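> need a 3D model of the sequence below.
(one chain, ligands or ions: 2)
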Amino acid sequence: MATTHTHIPIDEEAVEATLDHSTNKDAFHVRDILAKSLELKGLDAPDIACLTTISDPELLAELFDTAKRVKDEIYGRRLVVFAPLYVSNLCANECLYCAFRKSNKDVKRRALSQDEVKHEIEILIDQGHKRVLLVAGESYPMEGFEYVLKCVDSVYSVKRNNGEIRRVNVNIAPLTLDEFRELKAANIGTYQLFQETYHRATYAQVHLDGQKRDFDWRLSAMDRAMEAGIDDIGIGILFGLADWRFEILAMMQHIRHLEDHFGIGPHTVSVPRLEPAFGSDLATQPPHPVSDIDFRKIVAILRLAVPYTGIIMSTRETPNIRRETFALGVSQISAGSRTNPGGYADDEVADMSQFSLGDHRPLDEVIRDVASLGYIPSFCTACYRLGRTGQDFMDLAKPGLIKDHCDVNAMTTFMEYLMDYASEETRQTGEQCISEAIQRMPESRRETAQELVKRVREGKRDVYV
Ligand code: SAM
Ligand code: SF4
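Ligands and ions are numbered 1, 2, ... in the order given. As a prediction, the model looks like this:
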């Protein structure tokens, strides 16, 4: 069994030095960086560090405005929607912030059977979902890692009327090279894994037992995933554990490492903030809490630093924070989420949940809200199914070509949702949103969009370019 353990340099001294040099920059300097970011080539560490120091309200408004322009340029008004699927909360690790940690005797343990997985998926399909993110603790039932592969198969096997899950992403503990190969063969979309904190000493303080104590095994996971052929990966930071300015710069080192070695960076970055978790003092009182204003800064800075990387916002955040950050750069959101295994079938088992949610609204309500703000909820999965991932995706994304596909596909999948699953109120809001969006489209794309949306109205499904 291969167990590659690449050494990836996170140079903490370099991060600290860059942060130290970043203070006392004048407004000219900041505006220069903002102007540079509009070239959509990303930013280097000193520039990013400088943006983190902005506190002047006028400059802050300019930062947000620049992030909005970059988001509009690359992602337009689409927001990809998904639901997490917690299959198991068994865990052998001792992460002090998580309700699933081994020593937490108050949490009820459960690993879904394959029939139960299918039942959860039936419910999600009936709500209108097309993408799920499969999540599990780091300990599997009897069959070991096979369990995850079976769950992925179960998800893809369910078909209901017009509905099916067309893309399964996974967020599970680091695997060996051989296991990653098996995961790739199971046809997953994105492999997602958060380093939690890039600060080694903090990492050691909050991960007390189990395989997850090994900082380097986790940090090198994306190298193994890439070597195994999974070129669509998602990274993230659990904000609140260490200084957020440090975390962003250290994560940039990780991203540069991946770009240097594999030619592409992560497809997505997630930005979870610590939320209260059953039986966790650390989660209730984060050592480095991130304020709402800093959180918006984080999203805006990431949008400028890695313009082609999607930013994921989960239901950990409140509806208001989610709304504010859509404009700043978020490109994917979860909706209608449950964070306990079996949570879609049985609403009442909150004592199995991983953490508290900030947004409890059902999918239909989130979709209506998103559409009324002028965003197009997208259930599109075309890129992954047509093999437009990794380098192929970047080749289309960088010259702005991907928009031609995404804008149209967002509308067809949104129209599918409106016709098959939406409430009457949401359908009306959505119809108006689509017709306004079609009018705003450049002529080159408008006709295609009109034609494909019409086909969906006439009863065709899974229509994409
Ligand atoms: N067990 C695997 C692992 O830890 O990598 C994967 C699943 S874990 C349930 C998914 C993520 O939940 C973790 O990476 C962590 O960032 C996040 N998480 C854990 N406790 C949290 C909390 N109290 N608030 C917000 N996010 C939390
Ligand atoms: Fe287990 Fe993951 Fe929770 Fe840590 S974060 S206790 S590894 S489920």
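> for this structure, longest strand please?
strand 78-88 (DSSP state E).
> okay, A201: pLDDT?
Listed pLDDT for A201 reads 98.
> quick one: T412 from ligand 1, how far?
Going from T412 to ligand 1 by C-beta to the nearest ligand atom, to the nearest Å gives 31 Å. C-beta: built from backbone N, CA, C; applies to glycine.
> what strand or helix carries that residue?
Assessed by DSSP states H and E, T412 sits inside helix 402-420.
> what's the offset of that helix from the middle of its chain?
Centroid displacement of helix 402-420 relative to its chain, using C-alpha atoms, centre = their mean, to the nearest Å, is 19 Å.
> same question, stretch 313-321
For stretch 313-321, the distance to the chain centre is 12 Å (C-alpha atoms, centre = their mean).
> is that stretch up against ligand 1 anywhere?
Yes: applying C-beta under 6 Å from any ligand atom, one finds stretch 313-321 touching ligand 1 at R316.
> same thing with stretch 117-132?
No: on the criterion C-beta under 6 Å from any ligand atom, stretch 117-132 is out of touch with ligand 1, staying 13.8 Å away.
> thinking again about what came up before, so which elements touch the longest strand of the chain?
With contacts taken as 3 or more C-beta pairs under 8 Å, 6 or more residues apart in numbering; DSSP states H and E, strand 78-88 sits against helix 114-127, strand 131-136, helix 146-157, strand 332-334, helix 363-372, strand 376-378, helix 402-420.
> what mean pLDDT does that strand have?
What strand 78-88 shows for mean pLDDT is 96.
> got the angle between that strand and helix 146-157?
130 degrees (axes from the mean of the first three to the mean of the last three C-alpha atoms, to 10 degrees).
> strands of this protein, start to end?
78-88, 131-136, 159-160, 163-164, 167-171, 191-192, 233-236, 268-270, 310-313, 332-334, 376-378.
> any chance of TSV for those, columns mean neighbour count?
Formatted as TSV, these follow (neighbours: other C-beta atoms under 10 Å):
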stretch	mean neighbour count
strand 78-88	25
strand 131-136	23
strand 159-160	12
strand 163-164	20
strand 167-171	23
strand 191-192	26
strand 233-236	22
strand 268-270	23
strand 310-313	23
strand 332-334	24
strand 376-378	26
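> pLDDT score assigned to the residue of the stretch 351-465 of the chain found nearest ligand 2?
Among all residues of the stretch 351-465 of the chain, Q354 sits closest to ligand 2, at 6.5 Å; criterion: C-beta to the nearest ligand atom. If you check Q354, the pLDDT there is 75.
> tell me the contacts of it?
With contact taken as C-beta atoms under 8 Å, 6 or more residues apart in numbering, Q354 is in contact with Y86, N89, C98, A99, F100, V135, A277, T339, N340.
> please name the nearest non-neighbouring residue to it.
Closest residue in space to Q354, ignoring its immediate chain neighbours: T339 at 4.2 Å, by C-beta to C-beta, 6 or more residues apart in numbering.
> what is the neighbour count of D115?
Neighbours of D115 under the rule other C-beta atoms under 10 Å: 8.
> start to end distance for stretch 223-241?
With C-alpha to C-alpha, to the nearest Å as the measure, stretch 223-241 spans 24 Å from end to end.
> which positions within that stretch qualify as buried?
223-228, 230-241 (16 or more other C-beta atoms under 10 Å).
> repeat for stretch 239-259
239-255, 257-258.
> avg pLDDT for stretch 266-275?
When pLDDT is averaged over stretch 266-275, the result is 96.
> that stretch near ligand 1 at all?
Yes: residues of stretch 266-275 are located near ligand 1 by C-beta under 6 Å from any ligand atom, namely P272, L274, E275.
> where helices are concerned, which of those residues count?
If you go by DSSP state H, these have nothing in helices.
> buried among the residues you listed? Make that a ChimeraX selection.
Buried members of those, defined by 16+ other C-beta under 10 Å, are picked up in ChimeraX with:
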select :272,274,275
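> name the nearest of the residues of stretch 266-275 next to ligand 1 relative to N169.
P272 (15.1 Å; C-beta to C-beta).
> test my guess that K297 contacts L59.
No: counting by C-beta atoms under 8 Å, K297 sits too far from L59 to count as a contact (10.9 Å).
> between the two, which one's more packed in?
A count of neighbours by other C-beta under 10 Å puts K297 above the other of K297 and L59, at 25 against 16.
> let me know the pLDDT of the more buried one.
If you check K297, the pLDDT there is 98.
> mind checking how far it is from ligand 1?
Distance, K297 to ligand 1, by C-beta to the nearest ligand atom: 19 Å.
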